[in-house]
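Trainee: sequence first, predicted coordinates after that:
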Amino acid sequence: MLSTLEVDLRPGSGIGMFEIGSSLWSVMAMLRNLQHLFPQVEVKFDAENASTTPVILHLRPHFDLLFSGYHQRLHTICLRKITDLHPPIILRYKDSVICSGGDPLIKVQITRAFGPTYPGDELRYPGVWFSFEDDAINESLKGGIPNTGPDQRSKEVKRIIVTQKETRSGEHDALDEVIPCPVMFADISQAIIKIHHGIVLHFFALSSSPLHIYLGKTTAQDLNLDLGPPSRVFYKEDGRMAIHSPNPQLDEDSYSNDYFYNYFHHGIDFLISGQTHRVRKIILHSNVPGSPLFQRYKRCPWELEGRPEDDEDDTPPRMRFPDKFEAISHFLNPRDPPPQSMVLDRTDDDDTIALPSPVSRLYGYNGVILEVNEASQVVAVTLF
């Protein structure tokens, strides 16, 4: 027996369990626990521009979710096929049921619940609009003079679209970033990488101070106090990279008791010294669609800061996660070509995993390692 999908309509905010501004990472994590309601999830994105492509989740048959390209935040929710009974939908608005049991939702029911609005081919209200067409969203903002005859009153609603209420002047692009809202607060809005020093984290919030995390100085206790407990503590058991060290045995012994703090919900890993319990390395993840670690971590919107021109330079140059590897490599080392790389295959340690593009390359620089996929996108940055 199919479960009934009961959802409440919140204009400008969300529908049911989906909240405007939620991260792609958190929504997909939630869907993994709701397979009885959403057994089919299709992920669509532009593979050629995967770093900043908007991502669409098709949850058949009822939902389409559009996520913004840069911060990967839920931008638009589309509820469709309201009369489809696989599963049946009960739709509420302000504690009143406006549609249930596979019955069609018609125009006059909307105007009774929401009141009058401006003329047009759709019924548009702040934060929500109702379409009577099955095809793609009509991007036109021009409203004609509607037919108000009796046939128009019984027109069936085919799709309900929820977006943020417009607070900015001018036309709002459907691919704009989401305006910061409470569901985003305490998440990282910007991570500035300062080579040899550490990172500076900025958060979505009305008032919050940047958080400085220093290599060799910040402790595990500091991380617990400032970021909360990690998603996972993982003790480092893989010492294979020590073979590339000038003193492999010394290096392997040095790291033998180290452990990771994995903050999947921030897109960051910290390698902690087992002896001093201070941060030794920081790894920031880009969460690029199609990459081997896609959805293991939330996107961390990192920016790699270069050297300021002088002591009074308040805006030193930066490269950001959407920039191609070649540009970032030149930024880090403008006088030389990219260094020789190591090949990393994410399927080597598990024969049961099959990935379409499992191979990435590691490029080492002074204080920085870049992990790069086959499309020259930097999927992770390691700072040491």
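Mentor: Thanks, I have the structure now. Numbering: from 1, shown residues only.
Trainee: in this structure, which spans are helices?
Mentor: Under the criterion DSSP state H, the chain carries helices at the ranges 24-32, 107-114, 150-153, 220-227, 248-254, 325-332.
Trainee: tell me the mean pLDDT for the shortest one?
Mentor: This points to helix 150-153. Helix 150-153 shows a mean pLDDT of 68.
Trainee: for the fifth one, same thing?
Mentor: When the per-residue pLDDT values of helix 248-254 are averaged, the result is 54.
Trainee: ok, the fourth one next?
Mentor: Per-region confidence: helix 220-227 scores 98 on mean pLDDT.
Trainee: report the distance from that helix to the chain centre.
Mentor: Computed by CA atoms, centre = their mean, to the nearest Å, the chain-centroid distance of helix 220-227 equals 24 Å.
Trainee: point out the other helices and strands that that helix packs with.
Mentor: Here helix 220-227 touches strand 211-214, strand 259-263, strand 268-272, going by 3 or more CB pairs under 8 Å, 6 or more residues apart in numbering; DSSP states H and E. Any C-beta I mention is one placed from the backbone N, CA and C, and that applies to glycine too.
Trainee: please identify which of these is closest to residue 82.
Mentor: Among the helices and strands packed on helix 220-227, the nearest to residue 82 by CB to CB is strand 259-263 (39.2 Å).
Trainee: tell me how far the closest one lies from the chain's centre.
Mentor: Offset of strand 259-263 from its chain centre (CA atoms, centre = their mean): 20 Å.
Trainee: in it, what counts as buried?
Mentor: For strand 259-263, a neighbour-count test (16 or more other CB atoms under 10 Å) marks 259-263 as buried.
Trainee: on that earlier part again, who wins for proximity to residue 87 among the helices and strands packed on helix 220-227?
Mentor: The nearest among the helices and strands packed on helix 220-227, by CB to CB, is strand 259-263 at 35.0 Å.
Trainee: neighbouring strands of that closest one in the sheet, and parallel or not?
Mentor: strand 232-235 (antiparallel), strand 268-272 (antiparallel) (DSSP bridges).
Trainee: got the ones you listed as a markdown table, with distance to residue 301 and mean neighbour count columns?
Mentor: Formatted as a markdown table, the strands paired with strand 259-263 follow (distance: least, CB to CB, whole Å; neighbours: other CB atoms under 10 Å):
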| stretch | distance to residue 301 | mean neighbour count |
| --- | --- | --- |
| strand 232-235 | 22 | 12 |
| strand 268-272 | 11 | 23 |
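Trainee: looking at the ones you listed, which has the lowest confidence?
Mentor: The weakest mean pLDDT among those belongs to strand 232-235, with a mean of 94.
Trainee: neighbouring contacts of it?
Mentor: Strand 232-235 has contacts (CB atoms under 8 Å, 6 or more residues apart in numbering) with 258-262, 264.
Trainee: of those residues, which is the nearest to residue 41?
Mentor: Closest approach between the contacts of strand 232-235 and residue 41, by CB to CB: residue 264, at 19.2 Å.
Trainee: list the residues that contact the nearest residue to residue 327 once chain neighbours are set aside.
Mentor: Among residues not flanking residue 327 along the chain, residue 319 sits closest, at 6.6 Å (CB to CB, 6 or more residues apart in numbering). Listed by CB under 8 Å, 6+ apart, the contact partners of residue 319 are 303-304, 306, 327-328, 331.
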